[in-house]
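Trainee: Structure for the following, please:
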Amino acid sequence: MGEKSIQKRKYILKTAREVFMDKGFKSVTMKDIVEACEISRGGLYLYFESTEQIFLEVLKMESEEGDDVFSDSISDDATAAEILLLFLKEQKKELLRKKNSLTKAVYEYFFDNHPPRKENVLKKEFDAAVLIIERLIETGVENGEFVCEDCAGAARNIMYVLEGLKISAQTIGITSDMVDKELLYILRSLGVGME
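Mentor: Just a heads-up that it's a prediction; the model follows:
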């Protein structure tokens, strides 16, 4: 793929992301994306075959960008506790974001489509996050920052709490105070005092 084609593909994905954020997943058509991108139907089909393919690429792009932003925010001498706090603060921002979120589209897609476990992007991201948090907790325990007997269980629990908060944010609504209480509970369960 030439540079012009790469840039066009990125443009389509970024524009489609806006469409998915606005309409969710279910109601988006290729026509919606064609109109938003202001390109021909044939021009879109040169790059993508379906809204599902576009959506999965948008999720991949979103994940890579999120990883880059988070990694760039961590100083070289950050402690495990500081990294966990930064991660939780980023999660809070995402949870409270009313607009510019793909959460609704993600849940619509995965409730209706049941990709095999090996191909499930959401499962892969969840498992990767659990592993990273587990290693972070282990490092914190070794350094005396955390107290935890089951690092893998604690990491899974953190991710389940965050997933539950995502669903609550989309369905019943949550406030900043509600999120703070849950995050404080997580930190206290690891023996982190919050003065």
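
Trainee: Only C-alpha atoms from now on, for both contacts and neighbour counts.
Mentor: Noted.

Trainee: any idea what sits nearest Phe25, other than its immediate chain neighbours?
Mentor: Ala105 (4.4 Å; Cα to Cα, 6 or more residues apart in numbering).

Trainee: List the contacts of that neighbour.
Mentor: By Cα atoms under 8 Å, 6 or more residues apart in numbering, the residues touching Ala105 are 20-21, 23-26.

Trainee: Just the buried ones from those residues, in PyMOL syntax?
Mentor: The buried residues among the contacts of Ala105 can be selected in PyMOL (16 or more other Cα atoms under 10 Å) with this line:
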select buried, resi 20+21+24+25
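
Trainee: and the contacts of Ala105, which two are the farthest apart?
Mentor: Across those, no pair lies farther apart than Met21 and Lys26, at 11.4 Å, counting by Cα to Cα.

Trainee: quick one: least confident helix or strand in this protein?
Mentor: Sorting the helices and strands of the chain by mean pLDDT, DSSP states H and E puts helix 51-73 at the bottom, at a mean of 78.

Trainee: Tell me where this protein has helices.
Mentor: In the chain, the helices defined using DSSP state H lie at 3-23, 30-37, 41-45, 51-73, 80-96, 103-112, 121-142, 151-171, 176-189.

Trainee: Mean pLDDT lowest where, among these?
Mentor: If you rank these by mean pLDDT, helix 51-73 sits at the bottom with a mean of 78.

Trainee: Which residues are in contact with the one residue sitting closest to the centre of the chain?
Mentor: Centroid check for the chain by Cα atoms, centre = their mean gives Ser63 as the closest residue, at 6.0 Å. Going by Cα under 8 Å, 6+ apart, Ser63 touches no other residue.

Trainee: So it versus Tyr11, what's the distance?
Mentor: Going from Ser63 to Tyr11 by Cα to Cα, to the nearest Å gives 17 Å.

Trainee: Kind regards, and thank you for your time.
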